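Q: I would like to see how this sequence folds:
(one chain, ligands or ions: 3)
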Amino acid sequence: MAGLNGGGTSVIVRLEIHKELVTFGKIATAIGDAGGDIVAIDVTRASKTTTTRDITVKVSDPEHTESIVSALNEIPGVRLINVSDQTFLMHLGGKIEVTPKMPIKNRDDLSRVYTPGVARVCMAIHEDPSKAHSLTIKRNTVAVISDGTAVLGLGNIGPEAAMPVMEGKAMLFKQMAGVDAFPICLDTQDTEEIIRTVKAIAPGFGGINLEDISSPRCFEIEERLINELDIPVFHDDQHGTAVVILAGLLNAVKLVGKQLADCKVVITGIGAAGIACTKMLLAAGVTNVIGVDRQGAIVSGESYSNSAWTWYSENTNPFRQSGLLSEVIVGADIFIGLSGPGVLKADDVKNMAADPIVFAMANPTPEITPEEAEPYVRVMATGRSDYPNQINNVLCFPGIFRGVLDCRASRITQEMKLAAAKAIASVVSEDELNEYYIIPSVFNHAVVEKVREAVMEAAYESGVARRRNQRDLQDANHE
Ligand SMILES: NC(=O)C1=CN([C@@H]2O[C@H](COP(=O)(O)OP(=O)(O)OC[C@H]3O[C@@H](n4cnc5c(N)ncnc54)[C@H](O)[C@@H]3O)[C@@H](O)[C@H]2O)C=CC1
Ligand SMILES: CC(=O)C(=O)O
Ligand SMILES: [Mg+2]
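A: Ligands and ions are numbered 1, 2, ... in the order given. I've put the predicted structure just below:
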C-alpha cells in the first residue's frame, strides 16, 4: 500500500555509467529486481568512457527509493549523482502564478489600465458597487481559504504547510472550470479573527471556498460568513465531499439493486465532512444513518460537549445502536469513512449486509485499502487518484463555483447541492455503470458543464441567482 507518497510517485535517478564496466541492461535489471518500474530514460551527457543518464522510476514510498538506491550503489562502474523526487520538483517555487490578460505595450495602454484612465472605472464602481462584478476580477475569482487546522487527513499542520494543498485546489479550479482562485492561508486559528479577515478581503472575490478548517469551528465560521457576506461561501470539505458521496451512492445502490432510503449507513469520522455528508443523506431520504467517532457510535440521550454532535445524536441513529464501529457495522449496507487510516477491518466488511458498499475516503491513506476489502466488498471507492472510483470533492467544487459565478448567486442552497450530486451521477450512463465505474473520472469534461447547468437551474429556482438568465431576459423583452 502506498503511503504519503501516493501510488503515482516517481523519482529521477541521475547516474554516471562507466561504459566498459557495466551495461545499461544490468542497471535496468537491478532497478527491476528492487521493484522499480522504469518509465523514462534520458541521456544527459556522453563521453568516450561514460554516459550520464536520467532514469525516471516509479516508486511506492521513500523506503522503496532507498532500496533502489542501495541496489544501484552496489554495481561497479555506476556512480549515483543525484536522486530527485518528481512530486517535489513540481512544487518548486509553487504551482501557480498571476498573468495579465493583455500586455502594456505603450504609454497609451498604461494610461488606460492604470492612472489616469483607471480612475474613471474606480468611480463608476464607487457609484454602483455591483459594477465590481463586471469591471474587476471579482467576476471570476474565488478565494481558497484555510487556517491549516485539518489539512487532508494530516491534522493541524499550520498555514505554511497547508499552502501546497490550497495551490493545488487553485490549479484545479482553473484547469477544470476556468475559475481564477487564490490560495490564502491564515496565520490564526481564532474563529472571530478568521471571520473578520475573510469579510475584510471579500470585496475582491466572487466566492469563498473554505478548505481544511477543523470541526466544529468550521460550522460557525461558515454559517456566520454565509449570513454576513453577499457572495457564496462554501466549505468544500463539508459540502463538496457530501455532494460527491451522494453522487457515488446514487450510482452504487442502482448497481447493487437497493433503494438508498432503505439502506443502513454507517459513517466514521463525525467531523466537517462526516456531518455534512450525513445532512446530505438525510435530505436524500436516508433514515438509518449511524455516526461513529473515536469513542464509538453517537446516540441520543448521551451528552456531548460538541454542539454539532448533540444535533447529530438527535437526528440520526433511530434504533439507538451503541458501541464501537465493529459492533454497529454489522448488517450495514453502506460504510463511509471520513476519519483516518486503517479504521475499518476486513472482518467488519465481512459482517456488513450482502453487496457491501465501502467508501473509504480518508486522505491520503484510506480507512481500509481496496486490497484488504477486496474479498468481501461489492463496490469500493476511495478519495485517491490511484484506484478506481475516486470520490473526491474535486468532482464538485470547480463546477459548482463555475455555476454560481456565472449566475452571480448570493449563496449555495441545499437544492443546488442536490442538483450537483445528481448531475455528477448522471455522467455515468446505465451501460457504463459497473463496480469499478460508479463515478466519473476527474478528467471527464462533461462533469463541470453538467454541474454548472444543474447548479444554475437550481439557483434560479431557489431565487438566489442575481444575474438574469436568457429566459428572464426574453420575458422582460416581451413585457
Ligand atoms: N475524499 C474526499 O474528497 C475528502 C476526504 N476527506 C477526508 O476525510 C477525513 C476527515 O476530514 P474532515 O472532516 O475535514 O476532518 P475533521 O477533522 O473535521 O473530522 C475528522 C473526524 O474524524 C474523527 N476521527 C479521526 N480518527 C478517527 C478514528 N480513528 N476513529 C473514529 N473517528 C476518527 C475525528 O475525531 C474527527 O471528528 C480526512 O482524512 C480527509 O482527508 C475530507 C474531505 C474530502
Ligand atoms: C480532498 C480534500 O479536500 C481533503 O481530503 O481534505
Ligand atoms: Mg479538504
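
Q: all helices for the stretch 251-400 of the chain, in order.
A: 272-283, 307-315, 325-328, 346-350, 370-373, 397-407 (DSSP state H, counting those that start in this stretch).

Q: Nearest to Ala181 among those would be which one?
A: helix 397-407 (8.1 Å; CB to CB). From N, CA and C alone the C-beta is placed, and that goes for glycine too.

Q: So which of the helices of the stretch 251-400 of the chain is the most surrounded?
A: When these are scored by mean count of other CB atoms under 10 Å, the highest mean neighbour count falls to helix 397-407 (a mean of 27).

Q: packing partners for the following helix or strand past that helix?
A: Per DSSP states H and E, the first helix or strand lying C-terminal to helix 397-407 is helix 414-426. Where contact means 3 or more CB pairs under 8 Å, 6 or more residues apart in numbering; DSSP states H and E, helix 414-426 is packed against helix 236-256, helix 272-283, helix 397-407, helix 446-462.

Q: Mind putting those into CSV with mean pLDDT and distance to ligand 1?
A: Formatted as CSV, the helices and strands packed on helix 414-426 follow (pLDDT from 0 to 100; distance: least, CB to the nearest ligand atom, whole Å):
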stretch, mean pLDDT, distance to ligand 1
helix 236-256, 97, 4
helix 272-283, 95, 4
helix 397-407, 97, 10
helix 446-462, 97, 14
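
Q: if we can go back for a sec, do you know which of the helices of the stretch 251-400 of the chain lies nearest ligand 2?
A: Proximity to ligand 2, assessed across the helices of the stretch 251-400 of the chain by CB to the nearest ligand atom, is greatest for helix 272-283 (7.5 Å).

Q: Which secondary structure elements does that closest one sit against?
A: Helix 272-283 packs on helix 217-228, helix 236-256, strand 264-268, strand 288-293, helix 307-315, helix 414-426, going by 3+ CB pairs under 8 Å, 6+ apart.

Q: again, 7 Å this time
A: Packing partners of helix 272-283 (3 or more CB pairs under 7 Å, 6 or more residues apart in numbering; DSSP states H and E): helix 236-256, strand 264-268, strand 288-293, helix 307-315, helix 414-426.

Q: which parts of the last one are buried?
A: Burial within helix 414-426, assessed by neighbour count using 16 or more other CB atoms under 10 Å, is assigned to 415-426.

Q: tell me which of those residues is nearest to Thr49?
A: Ile424 (58.3 Å).

Q: Under a three-state scheme, what state does the closest residue to ligand 2 within the stretch 101-250 of the chain occupy?
A: When distances are taken as CB to the nearest ligand atom, the stretch 101-250 of the chain reaches nearest to ligand 2 at Leu152, 4.2 Å away. Under DSSP: H, G, I helix; E, B strand; the rest coil, Leu152 falls in the coil class.

Q: got a list of what it touches?
A: 165, 212, 363-364 (CB atoms under 7 Å, 6 or more residues apart in numbering).

Q: Now for those residues, which sits with the most neighbours around it?
A: Highest neighbour count within the contacts of Leu152, by other CB atoms under 10 Å: Asp212, with 28 neighbours.

Q: Now it. Its backbone dihedrals?
A: Backbone torsions for Asp212, taken as degrees, to the nearest 10, come to phi 50, psi 50.

Q: any idea of the pLDDT on it?
A: In this model, Asp212 is scored at 97, pLDDT.

Q: In JSON lines: the helices and strands packed on helix 272-283, plus distance to Gly204.
A: Formatted as JSON lines, the helices and strands packed on helix 272-283 follow (distance: least, CB to CB, whole Å):
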{"stretch": "helix 236-256", "distance to Gly204": "19"}
{"stretch": "strand 264-268", "distance to Gly204": "37"}
{"stretch": "strand 288-293", "distance to Gly204": "38"}
{"stretch": "helix 307-315", "distance to Gly204": "31"}
{"stretch": "helix 414-426", "distance to Gly204": "24"}
